[in-house]
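Visitor: Below is the sequence, then the predicted model.
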Amino acid sequence: MIKHFINLNDLSNYDLTQIIKQAIKLKEQYKSGKINKALENKTLAMIFDKSSTRTRVSFEAGMTQLGGRALFLSDKDIQLGRGEPIIDSAIVISSMVDAIMIRVSSHEDIQTFSEHSSVPIINALSDESHPCQLLADMMTYQEYNGSIANKTVAWIGDGNNMCHTYIQAAKSFNFKLNIAAPKNYQPNQSFIEKYANHIHLFTDIKTACKEVDLIVTDVWASMGQETEQIKREIAFKDFQVDTVLMSKAKPTAVFMHCLPAHRGKEVSANVIDSNQSLVWSEAENRLHVQKALLLYLLN
């Protein structure tokens, strides 16, 4: 049976934990200069319908480091962007490569693609979830503070795809998640209901961050929401992660952001550039955890 990685909860806690352990080993191996050709002669197709920095660089570099190669396919490069049915594209592309990474807006399109693919599919960002980023976040926390199990995480800001995946992670990794979002920007109700035992909703951000171990945020307006920028800045003006908010957390608490970030908006410069911030390790770890994910999916 083909393994896919569309949502974080596609994999068991054991498998997710093993991927992170492998990622830490791969990172140490890479830093020591050891060569690993485990994916020699393997090809990863990377399908994008929007621009990307970390996702493209990390997957492409990761395949190179493991001896394989990656094909960058934008919607301008393939017929999928010109109206070819998703099912047809899935059948054809999967017959020629060993795995496919997809970063497209529609989560439903990724699901459909996976149902007709003969190789593993990786969701590298959809309008519903961002599971690869959560693997990197969990790896980063593990490196700096040990297991996140039984800890408390505060999500501050938009109840978006990253928030949804943190909700899934709360169950998968056994931590408590406090969510503080403006009234009209709550997470999808289906996520709230399904994971009710693992999350707590707050209207006050200071209460949400009291004695937590990790504070996470994201941009107020994601790609594709540029027309809502001004409206969102008004709605989120009291949802900035600053030093006052960080002081409500435990002294050992850390800060994460999946990037790109806007200093002075969702996070103050003196937080994202502080010693409590793990954003640079978090970004780098996309590379190593995705290598581990590829090895897992391709055995």
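Guide: The structure has been received and is ready for your questions. Numbers count the residues shown, from 1 in each chain.

Visitor: For this structure, which residues score under the pLDDT cut-off?
Guide: Scanning the chain for pLDDT under 70 picks out 79, 81-82, 224.

Visitor: Quick one: the strands in it, in order.
Guide: 43-48, 69-74, 99-103, 121-123, 152-156, 176-180, 199-202, 214-217, 254-257 (DSSP state E).

Visitor: Same list (these) but as TSV, adding mean neighbour count and distance to A283.
Guide: For the C-beta atoms, the positions are set from N, CA and C on the backbone; glycine is no exception. Below are these laid out as TSV (neighbours: other C-beta atoms under 10 Å; distance: least, C-beta to C-beta, whole Å):
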stretch	mean neighbour count	distance to A283
strand 43-48	22	18
strand 69-74	17	18
strand 99-103	26	16
strand 121-123	25	18
strand 152-156	25	18
strand 176-180	22	22
strand 199-202	17	26
strand 214-217	26	14
strand 254-257	24	9
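
Visitor: Show me the beta-bridge partners of T43.
Guide: The partner list for T43 in beta bridges (DSSP bridges) reads R69.

Visitor: That one contacts G67, doesn't it?
Guide: No - using C-beta atoms under 8 Å, T43 is not in contact with G67, being 11.3 Å away.

Visitor: Put together JSON lines for the strands of the chain, with distance to L135 on each row.
Guide: Below are the strands of the chain laid out as JSON lines (distance: least, C-beta to C-beta, whole Å):
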{"stretch": "strand 43-48", "distance to L135": "16"}
{"stretch": "strand 69-74", "distance to L135": "18"}
{"stretch": "strand 99-103", "distance to L135": "13"}
{"stretch": "strand 121-123", "distance to L135": "11"}
{"stretch": "strand 152-156", "distance to L135": "15"}
{"stretch": "strand 176-180", "distance to L135": "17"}
{"stretch": "strand 199-202", "distance to L135": "20"}
{"stretch": "strand 214-217", "distance to L135": "14"}
{"stretch": "strand 254-257", "distance to L135": "13"}
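
Visitor: so which of these gets nearest I272?
Guide: Nearest to I272 among the strands of the chain is strand 254-257 (6.4 Å), distances taken as C-beta to C-beta.

Visitor: which residues sit against the closest one?
Guide: In this structure, residues lying in contact with strand 254-257 by C-beta atoms under 8 Å, 6 or more residues apart in numbering are 137, 140-141, 144-145, 213-218, 241, 246, 266-267, 271-272, 274, 276-279, 282.

Visitor: In stretch 141-155, which residues are buried?
Guide: Y141, Q142, E143, I148, K151, T152, V153, A154, W155 (16 or more other C-beta atoms under 10 Å).

Visitor: For those, give me CSV that also has distance to N123.
Guide: Shown next, in CSV, are the buried residues of stretch 141-155 (distance: C-beta to C-beta, whole Å):
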residue, distance to N123
Y141, 21
Q142, 22
E143, 24
I148, 22
K151, 25
T152, 27
V153, 21
A154, 25
W155, 20
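
Visitor: List the contacts of the residue nearest to L293 when sequence neighbours are not counted.
Guide: Closest residue in space to L293, ignoring its immediate chain neighbours: I19 at 5.7 Å, by C-beta to C-beta, 6 or more residues apart in numbering. I19 is in contact with L11, L135, V289, A292, L293, Y296, counting by C-beta under 8 Å, 6+ apart.

Visitor: ok, and the most crowded of those?
Guide: Tallying neighbours with other C-beta atoms under 10 Å puts V289 at the head of the contacts of I19, with 28 neighbours.

Visitor: Correct me if wrong: that residue contacts I20.
Guide: Yes - counting by C-beta under 8 Å, I20 is a contact partner of V289 at 6.6 Å.

Visitor: Report the set of residues contacting both of those two.
Guide: Contact criterion C-beta under 8 Å, 6+ apart; residues bridging V289 and I20 by contacting each: L135, M139.

Visitor: Between the two ends of stretch 174-187, how far is it?
Guide: 19 Å (C-alpha to C-alpha, to the nearest Å).

Visitor: nearest residue to E40 other than its sequence neighbours?
Guide: E40 sits nearest to G67 (C-beta to C-beta, 6+ apart), 3.7 Å away.

Visitor: can you list the contacts of I19 in TSV and add distance to T165?
Guide: Formatted as TSV, these follow (distance: C-beta to C-beta, whole Å):
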residue	distance to T165
L11	13
L135	10
V289	14
A292	18
L293	14
Y296	18
